[in-house]
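Enquirer: Prediction below, plus the sequence it came from.
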Amino acid sequence: MRSFNDIQTFIDVASCASISEAARQNAQTPAAVSAAIKRLEKDLGNVLFIRSTRSLRLSVAGEQFLSYAKDSLSLIQQGVAAVQTAVGEVTGTLQVSAPCDLGRNKLSEWLNEFLAQYPHVKLKLHLSDEVSDIYSQSIDIALRFGVPKDSQLIAAPLFLNNARILVASPEYVVNNGLLTHPLNLTQHTTITFMRFGEVFKEWRFYKNGAVQKVQLNCQHIVNDGEMVRRWALEGKGIAYKSYLDVIDNLASGQLVHLCPQWQSDPLPLYMMYADRRQMTPVISAFRAFIQQKITALVG
């Protein structure tokens, strides 16, 4: 696959704007990198870089080829990963970050099955409701709720139809009455999530194109998503939780979905990672496995 390696070298040189720097980052000699570029230019019949003694920049042909090179190499790498996964070559260390509630009550069980299926995989699991830094922490992929804010990260969708919903225990409903309108939340005890010291005390709801914002008194505040759900199960108040987190509790009758005629904030689940080249066989297998589990769970 020498030509694919040459394409990767071209992408690296374009990113660094330097043959010597691209060589240093890939533990190669400048001569080897330069030779790879010359081979690719010969295959394409075009000059890809304009060189001088002090600078290097993409030619017009190089600029045109760069986006195609990135896309094609990504597809090849995904194809290689898929083939290797299919023949059982799934090994290596999987470093995953996930929210606390999802991690403890869904992902832990799923990961047990995944590791049983792929016994040569080592796992490092980081559970936190804080937003993990993929760039600085030892994390390959992060499972995150909500629309991604970091445009430099790659977001692979796992469950786009997830949303926040209002829930409470049957005991709470019996003792405090059934909530029939979001505005009436101010008359109820609420359980509110907090992150980085910020309390999410404004809940939003949507119906027939109208937006209803409710400012809460926030009687119970916690920075752990699992505790929000636990307190709701214990009848301490009304929670605004991810549907994926409470789907089993709704099915068992432990929690009641309140104001179901109102839509609420979307909360899609994504698998986040920094570079398409990270899509190794183990990560590819993990994504497919989790996608299958979520599909089976939500129907």
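Expert: All right, it came through fine. Numbers count the residues shown, from 1 in each chain.

Enquirer: Identify the residues contacting the nearest residue to residue 65 once chain neighbours are set aside.
Expert: Nearest in space to residue 65, with sequence neighbours left out and distances taken as CB to CB, 6 or more residues apart in numbering, is residue 48 at 6.5 Å. Heads up, the C-betas are built off the backbone N, CA and C, glycines and all. Applying CB atoms under 8 Å, 6 or more residues apart in numbering to residue 48 gives the contacts 10, 37, 40-41, 58-59, 61-62, 65.

Enquirer: Equivalent analysis for residue 154, please.
Expert: Contacts of residue 154 by CB under 8 Å, 6+ apart are 272-276.

Enquirer: Would you mind checking the residues you listed for buried ones?
Expert: 272-274 (16 or more other CB atoms under 10 Å).

Enquirer: Which ones among those map onto helices?
Expert: Secondary structure defined by DSSP state H assigns none of the buried ones among the contacts of residue 154 to helices.

Enquirer: Among the residues you listed, which lie within strands?
Expert: 272-273 (DSSP state E).

Enquirer: hmm, back to that, can you put the contacts of residue 154 in JSON lines and add distance to residue 219 and pLDDT?
Expert: Converted to JSON lines, the contacts of residue 154 look like this (distance: CB to CB, whole Å; pLDDT from 0 to 100):
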{"residue": "272", "distance to residue 219": "33", "pLDDT": "88"}
{"residue": "273", "distance to residue 219": "38", "pLDDT": "85"}
{"residue": "274", "distance to residue 219": "40", "pLDDT": "80"}
{"residue": "275", "distance to residue 219": "44", "pLDDT": "74"}
{"residue": "276", "distance to residue 219": "46", "pLDDT": "70"}
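
Enquirer: Switch those over to a markdown table; also include distance to residue 292.
Expert: Formatted as a markdown table, the contacts of residue 154 follow (distance: CB to CB, whole Å):
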| residue | distance to residue 292 |
| --- | --- |
| 272 | 19 |
| 273 | 19 |
| 274 | 24 |
| 275 | 24 |
| 276 | 22 |
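
Enquirer: Looking at those, which one is closest to residue 234?
Expert: residue 272 (32.3 Å; CB to CB).

Enquirer: Find me the pLDDT at residue 82, would you?
Expert: Per-residue pLDDT puts residue 82 at 62.

Enquirer: What residue spans form the domains of this structure?
Expert: 2-75, 88-162+268-298, 164-264 (automatic domain parsing).

Enquirer: any idea how far residue 175 is from the closest residue to residue 107 other than its chain neighbours?
Expert: Ranked by CB to CB, 6+ apart and with sequence neighbours excluded, the top spatial neighbour of residue 107 is residue 98, at 5.3 Å. To residue 175, residue 98 is 34 Å away according to CB to CB, to the nearest Å.

Enquirer: Tell me which of those two has more neighbours.
Expert: residue 98 (26 against 10; other CB atoms under 10 Å).

Enquirer: Quick check: the more buried one touching residue 127?
Expert: Yes: counting by CB atoms under 8 Å, residue 98 touches residue 127, with 6.0 Å between them.

Enquirer: next SSE after the worst-scoring helix or strand of the chain on mean pLDDT?
Expert: Lowest by mean pLDDT, DSSP states H and E among the helices and strands of the chain is helix 60-86, with a mean of 76. Next helix or strand after helix 60-86 toward the C-terminus (DSSP states H and E): strand 92-98.
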